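J.: what's the 3D shape of this:
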Amino acid sequence: MSAPRTLRTSALATAIGAALLLGVSTGTAQAADGRIGVRETVCAQDLYVRTDPGGAWMGTLYHGQTFLVESKQSGWAYGFAYGDINRHGWVQDGWFC
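T.: The predicted model follows:
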(Lines give C-alpha, C1' and ligand atoms only; values in the text may rest on other atoms or scores of the structure.)
Protein backbone atom coordinates (compact mmCIF):
# COMPACT_ATOMS: atom_id res chain seq x y z
CA MET A 1 0.00 0.00 0.00
CA SER A 2 2.90 2.43 0.49
CA ALA A 3 3.98 2.28 -3.17
CA PRO A 4 0.87 4.06 -4.56
CA ARG A 5 1.18 6.79 -1.90
CA THR A 6 4.85 7.29 -2.82
CA LEU A 7 3.94 7.54 -6.50
CA ARG A 8 1.20 10.09 -5.76
CA THR A 9 3.55 12.16 -3.60
CA SER A 10 6.25 12.02 -6.26
CA ALA A 11 3.79 13.05 -9.00
CA LEU A 12 2.54 15.95 -6.88
CA ALA A 13 6.09 17.13 -6.18
CA THR A 14 6.90 16.93 -9.90
CA ALA A 15 3.78 18.96 -10.80
CA ILE A 16 4.58 21.63 -8.21
CA GLY A 17 8.18 21.83 -9.41
CA ALA A 18 7.05 22.21 -13.04
CA ALA A 19 4.60 24.95 -12.07
CA LEU A 20 7.33 26.86 -10.26
CA LEU A 21 9.69 26.55 -13.24
CA LEU A 22 7.00 27.86 -15.58
CA GLY A 23 6.25 30.81 -13.33
CA VAL A 24 2.74 29.63 -12.49
CA SER A 25 1.47 30.95 -9.20
CA THR A 26 -1.41 29.18 -7.52
CA GLY A 27 -2.19 32.29 -5.46
CA THR A 28 -2.58 34.66 -8.42
CA ALA A 29 -6.06 35.48 -9.72
CA GLN A 30 -6.79 34.26 -13.22
CA ALA A 31 -8.42 36.38 -15.93
CA ALA A 32 -12.17 35.87 -16.21
CA ASP A 33 -15.07 36.43 -18.58
CA GLY A 34 -16.91 39.73 -18.36
CA ARG A 35 -20.35 39.97 -16.75
CA ILE A 36 -23.10 41.93 -18.48
CA GLY A 37 -23.87 45.17 -16.64
CA VAL A 38 -20.56 45.17 -14.76
CA ARG A 39 -17.71 47.64 -15.23
CA GLU A 40 -14.84 45.15 -15.40
CA THR A 41 -11.13 45.80 -14.81
CA VAL A 42 -8.72 44.69 -17.55
CA CYS A 43 -6.24 42.06 -16.30
CA ALA A 44 -4.37 41.73 -19.60
CA GLN A 45 -1.32 43.91 -20.23
CA ASP A 46 -3.21 45.37 -23.18
CA LEU A 47 -6.57 44.62 -24.76
CA TYR A 48 -7.54 45.81 -28.24
CA VAL A 49 -10.89 47.53 -28.69
CA ARG A 50 -12.41 46.85 -32.11
CA THR A 51 -15.25 48.18 -34.25
CA ASP A 52 -16.81 44.67 -34.53
CA PRO A 53 -15.89 41.22 -33.20
CA GLY A 54 -12.52 40.65 -34.89
CA GLY A 55 -12.95 43.93 -36.77
CA ALA A 56 -10.72 46.98 -37.18
CA TRP A 57 -8.65 48.18 -34.22
CA MET A 58 -9.83 51.46 -32.71
CA GLY A 59 -7.80 51.68 -29.53
CA THR A 60 -6.16 49.81 -26.67
CA LEU A 61 -7.17 49.31 -23.04
CA TYR A 62 -4.28 48.74 -20.66
CA HIS A 63 -3.97 46.74 -17.44
CA GLY A 64 -6.10 48.34 -14.74
CA GLN A 65 -8.36 50.31 -17.10
CA THR A 66 -12.06 49.46 -17.19
CA PHE A 67 -14.71 48.27 -19.64
CA LEU A 68 -18.47 48.27 -19.04
CA VAL A 69 -19.83 45.02 -20.54
CA GLU A 70 -23.20 45.66 -22.19
CA SER A 71 -23.58 42.47 -24.25
CA LYS A 72 -21.65 39.36 -25.30
CA GLN A 73 -21.38 37.36 -28.51
CA SER A 74 -19.27 34.29 -29.34
CA GLY A 75 -16.25 35.07 -27.15
CA TRP A 76 -16.51 38.86 -27.57
CA ALA A 77 -17.85 41.54 -25.25
CA TYR A 78 -19.45 44.80 -26.39
CA GLY A 79 -19.51 47.87 -24.20
CA PHE A 80 -17.94 51.15 -23.20
CA ALA A 81 -14.13 51.33 -23.01
CA TYR A 82 -13.02 53.83 -20.38
CA GLY A 83 -9.43 55.07 -20.04
CA ASP A 84 -7.77 56.50 -23.13
CA ILE A 85 -10.57 55.43 -25.51
CA ASN A 86 -13.87 56.56 -23.93
CA ARG A 87 -16.14 55.07 -26.57
CA HIS A 88 -18.11 51.92 -27.37
CA GLY A 89 -16.48 48.91 -29.00
CA TRP A 90 -15.77 45.19 -28.87
CA VAL A 91 -13.04 43.34 -26.93
CA GLN A 92 -12.16 39.67 -26.63
CA ASP A 93 -13.89 38.26 -23.57
CA GLY A 94 -11.91 36.50 -20.87
CA TRP A 95 -9.35 39.20 -20.01
CA PHE A 96 -10.98 40.75 -16.94
CA CYS A 97 -10.02 40.49 -13.26
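J.: neighbouring strands for the host helix or strand of Tyr78, and are they parallel or not?
T.: In this assignment (DSSP states H and E), Tyr78 forms part of strand 76-81. Here strand 76-81 has these sheet partners by DSSP bridges: strand 66-73 (antiparallel), strand 87-92 (antiparallel).
J.: list of residues touching the longest one?
T.: Residues lying outside strand 66-73 but in contact with it, judged by Cβ atoms under 8 Å, 6 or more residues apart in numbering, are 33-42, 47, 53, 61, 77-83, 88, 91, 93, 96. No exception for glycine: its C-beta is placed from N, CA and C like everyone else's.
J.: got it, and the last one?
T.: When contacts are taken as Cβ under 8 Å, 6+ apart, the neighbours of strand 87-92 outside the stretch itself are 47-53, 55, 58-59, 61, 67, 70, 75-81.
J.: please repeat the previous calculation with a cut-off of 10 Å.
T.: Residues outside strand 87-92 that contact it (Cβ atoms under 10 Å, 6 or more residues apart in numbering) are 34, 40, 42, 44, 47-61, 67-73, 75-81.
J.: now list the buried members of those residues.
T.: Using 16 or more other Cβ atoms under 10 Å as the burial test, those include 34, 40, 42, 44, 47-50, 60-61, 67-69, 72, 76-81 as buried.
J.: show me where pLDDT drops low in this structure?
T.: Low-confidence regions of the chain, defined by pLDDT under 70, span residues 1-30.
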